[in-house]
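Undergrad: Pasting a predicted model and its sequence here:
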Amino acid sequence: MRKVGIIGGIGPEATVDYYQSIISKFQEKIGSKEELPELFINSINMYKMFRLLMNGQTEEVIHYLTDAVQKLESVGADFVVMCGNTPHIVFDQIQQKVQVPMISIVEETCLKARELSLEKLGLIGTKFTMENDFFQKPFISHNIEIVVPNQTEQEYIHRKIVEELENGIVNKETKEGFLTIIAEMINQNGIQGIILGCTELPMLIKNEDLTIHPLNTAEIHINKIVDIIFEDQN
């Protein structure tokens, strides 16, 4: 069985979800509660990463995350995932510096959008995810348009993610605010789906809350991880 290395702490709530979901989905797929995948978790400091990004210290972010991946590689991880969307801003640079293969949450989400034949999507997440083009690049290369909220809305979303969701706080008013922003993107931009580009967002926004396709990046990523483990198991 291949061993999974997880860069956790980005954020903590998502780390718990990845751990529990990988186990439950693996057991469901293999048909046994007496089998477990082998996981390594290296939980790092999300706030340190955010501070470096805010200060434009991209090289320091690359070094910080590369070191985290190499630690997982050194203890025997066969492949590594980062349980957050924001650190994928430097995914390519990290992969070039390590030997262990990494599974990108961005690439897997793009594949899912293509499977659904979606052509125009909204994207919400941290300000780093919405402001930068690392998430949009693979979609654009497949002729899928990505729309993000306006600057004021981006600041609001980012603040609520960092202050509330990253700390396990689910606020009804915040949910209503996020859904209002998504509704405006549907009405003004004609989006066919919404990318939940922060792995804590599913705590707040559920599939039944939406009238368009939800692209839950955490769930998509986790399903891919389980598929890799299961294929190797057989």
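TA: Noted; the coordinates are in hand. Numbers count the residues shown, from 1 in each chain.

Undergrad: all helices of the chain, in order?
TA: Assigned by DSSP state H, the chain shows helices spanning 12-30, 46-54, 58-74, 91-97, 105-115, 127-131, 136-141, 151-163, 172-189, 217-233.

Undergrad: mind listing what Val90 touches?
TA: Going by Cβ atoms under 8 Å, 6 or more residues apart in numbering, Val90 touches Thr58, Val61, Ile62, Leu65. In this view, the C-beta of every residue, glycine as well, is placed from N, C-alpha and C.

Undergrad: Please pick the buried ones from those.
TA: Val61, Ile62, Leu65 (16 or more other Cβ atoms under 10 Å).

Undergrad: Pull the contacting residues for the second one.
TA: The reference is to Ile62. Ile62 neighbours (Cβ under 8 Å, 6+ apart): Val90, Gln93, Ile94, Lys97.

Undergrad: Closest one of those residues to Ile30?
TA: The nearest member of those to Ile30, counting by Cβ to Cβ, is Ile94 at 30.3 Å.

Undergrad: got a list of what that closest one touches?
TA: If you count contacts by Cβ under 8 Å, 6+ apart, then Ile94 has Ile62, Leu65, Thr66, Val69, Met102 around it.

Undergrad: For the fourth one, grab the count of nearby residues.
TA: Residues contacting Val69 under the criterion other Cβ atoms under 10 Å number 23.

Undergrad: thinking again about what came up before, now the contacts of Ile62 as CSV including pLDDT and distance to Ile229?
TA: As requested, the contacts of Ile62 are exported to CSV (pLDDT from 0 to 100; distance: Cβ to Cβ, whole Å):
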residue, pLDDT, distance to Ile229
Val90, 97, 26
Gln93, 97, 26
Ile94, 98, 22
Lys97, 97, 25
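
Undergrad: List just the nearest of those residues to Leu39.
TA: Distances from Leu39 to the contacts of Ile62, taken by Cβ to Cβ, are shortest for Ile94, at 19.5 Å.

Undergrad: Mind putting the contacts of Val90 into JSON lines with pLDDT and distance to Gly11?
TA: Below are these laid out as JSON lines (pLDDT from 0 to 100; distance: Cβ to Cβ, whole Å):
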{"residue": "Thr58", "pLDDT": "96", "distance to Gly11": "20"}
{"residue": "Val61", "pLDDT": "97", "distance to Gly11": "16"}
{"residue": "Ile62", "pLDDT": "98", "distance to Gly11": "20"}
{"residue": "Leu65", "pLDDT": "98", "distance to Gly11": "14"}
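
Undergrad: Between those, which sits nearest Lys48?
TA: Val61 (9.2 Å).

Undergrad: That closest one contacts Arg51, doesn't it?
TA: No. Assessed by Cβ atoms under 8 Å, Val61 is found out of contact with Arg51, at 9.8 Å.
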